[in-house]
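Student: predicted model and sequence below, questions to follow.
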Amino acid sequence: MALVSTKQILNEAMKEHYGVGAYNVNNMEQIQAIMLAAKETKSPVIIQASRGALKYSSFIYLSYLMKAAIVDNPNIPIAMHLDHGNSLQTIIEAINLGFSSVMIDGSLLEDGKTPSTYDYNVKVTRSVVEYAHKRGISVEAEIGTLGGIEDGVGSSDGKSNLTDPKEAERFVNETGIDSLAISIGTSHGAYKFKGKVKLAFDILKNVRSLINIPIVLHGASSVPQDLVEEVNKYGGQLPGATGVPITSIQEAIKLGISKINVDTDGRLVMTAAIRKFLLEHPEKFDPRDYLSIARHELTKLISSKMKDFGTAGHAKY
Ligand SMILES: [Zn+2]
């Protein structure tokens, strides 16, 4: 079994200055695509589920699909990670399902919408660290809030609140977490920037110099324009969808980001493939026909991310 914590995967990435993608999953095809890409590129991998994804799959289904990936790939280090846990209760549920790593997002209140206070964040994060560390589970937390809403998670005013590096340092010291998500201008979803892409690399540099645990970038999909065009060409309507260019992600990795969260790009590539297939083959109705094509396209996308982030080759076996 190759189930490991994100601490193990990310500490190594931090030491050797490469990034590891954390890919969100909801179903079997997505998990298989990630594992095929990881096998092909020899990459360690973080598969993550949001509360929405767990709910969609009645919790138990998704956790067993993730475990199937572990059994099927004994040579690849895999972390099962809970994305945006909102309370100690949710964290306990995830740990009971077999997750090796959890995120507690105390930058927002339990509703996953209302920005919280620093003191609230420290309190809830500490309680999670205390519970999780006793069980060998690693903990990610967040300081500062991202803009955009995805899967019902995100600051209700839609605005981001960039991380204060000094506060980040204090937060890490006061909570004992294993990795820290920061806000430097990315946002969740497919509509990240209205004008020019602008990430606060100065904040990242500052945080990197003040803390010695891996740093996480949420809302880091690239929203490739050829995919958006493909979706729109085959009947979709995603006008003005934009993301973070891969060159900016690579710059962020160079400056100290170790974990890159990717959800939107996977959704886009599958939707584009399915829309195209169904329009071109109106006579087909077997879900395997279009889901296998979506899985194939997702494998290619993740494979290229593993190479772009520098993860490729780091599953040493
Ligand atoms: Zn996030």
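Tutor: In hand now; what should we look at?

Student: give me the most central residue, this protein.
Tutor: residue 261 (2.7 Å; C-alpha atoms, centre = their mean).

Student: for the chain, longest strand please?
Tutor: Once the chain is assigned using DSSP state E, the strand that runs over the most residues is strand 78-85.

Student: not counting its neighbours along the chain, what's nearest residue 213?
Tutor: Closest residue in space to residue 213, ignoring its immediate chain neighbours: residue 179 at 5.6 Å, by C-beta to C-beta, 6 or more residues apart in numbering. Glycine gets a C-beta too; all of them are placed from N, C-alpha and C.

Student: apologies, that question was intended for residue 172.
Tutor: Once flanking residues are discounted, residue 172 sits nearest to residue 211: 4.8 Å by C-beta to C-beta, 6+ apart.

Student: tell me which residues in stretch 276-283 are buried?
Tutor: 276, 277, 278 (16 or more other C-beta atoms under 10 Å).

Student: for the protein, just list every one of the helices.
Tutor: Applying DSSP state H to the chain gives helices spanning 6-16, 28-41, 51-56, 60-72, 88-96, 118-133, 165-175, 201-210, 225-233, 246-254, 264-280, 287-309.

Student: now those as a markdown table including mean pLDDT?
Tutor: Shown next, in a markdown table, are the helices of the chain (pLDDT from 0 to 100):
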| stretch | mean pLDDT |
| --- | --- |
| helix 6-16 | 97 |
| helix 28-41 | 98 |
| helix 51-56 | 94 |
| helix 60-72 | 97 |
| helix 88-96 | 97 |
| helix 118-133 | 98 |
| helix 165-175 | 98 |
| helix 201-210 | 98 |
| helix 225-233 | 96 |
| helix 246-254 | 97 |
| helix 264-280 | 98 |
| helix 287-309 | 98 |
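
Student: among those helices, which comes closest to residue 107?
Tutor: helix 118-133 (5.8 Å; C-beta to C-beta).

Student: who does that closest one touch, helix- and strand-wise?
Tutor: helix 88-96, strand 101-104, strand 138-143, helix 165-175 (3 or more C-beta pairs under 8 Å, 6 or more residues apart in numbering; DSSP states H and E).

Student: got the ones you listed as CSV, with mean neighbour count and distance to residue 19 columns?
Tutor: Below are the helices and strands packed on helix 118-133 laid out as CSV (neighbours: other C-beta atoms under 10 Å; distance: least, C-beta to C-beta, whole Å):
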stretch, mean neighbour count, distance to residue 19
helix 88-96, 18, 24
strand 101-104, 29, 16
strand 138-143, 28, 15
helix 165-175, 18, 19
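
Student: could you redo the ones you listed as CSV and give each row distance to residue 251?
Tutor: Converted to CSV, these look like this (distance: least, C-beta to C-beta, whole Å):
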stretch, distance to residue 251
helix 88-96, 32
strand 101-104, 24
strand 138-143, 21
helix 165-175, 18
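
Student: between the ones you listed, which gets nearest to residue 243?
Tutor: Closest to residue 243 of the helices and strands packed on helix 118-133, according to C-beta to C-beta: strand 138-143, at 19.7 Å.

Student: contacts for the closest one, please.
Tutor: The set of residues external to strand 138-143 that reach it, using C-beta atoms under 8 Å, 6 or more residues apart in numbering, is 5-8, 79, 81, 100-107, 121, 125, 128-129, 132-133, 163-164, 167-168, 171, 175, 177-183, 216, 218, 259.

Student: type out the ChimeraX command that picks the buried ones from those residues.
Tutor: In ChimeraX syntax, the buried subset of the contacts of strand 138-143 is picked out as below (16+ other C-beta under 10 Å):
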select :5,6,7,8,79,81,100,101,102,103,104,105,106,107,121,125,128,129,132,163,164,168,171,175,177,178,179,180,181,182,183,216,218,259
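
Student: thought the residue nearest to residue 172 was touching residue 168?
Tutor: Yes: counting by C-beta atoms under 8 Å, residue 211 does reach residue 168; the two are 6.3 Å apart.

Student: overlap of the contact sets of those two?
Tutor: residue 180.

Student: how near is residue 161 to residue 24?
Tutor: Residue 161 sits 23 Å away from residue 24, going by C-beta to C-beta, to the nearest Å.

Student: could you do residue 169 as well?
Tutor: Between residue 169 and residue 24 the computed distance is 29 Å (C-beta to C-beta).
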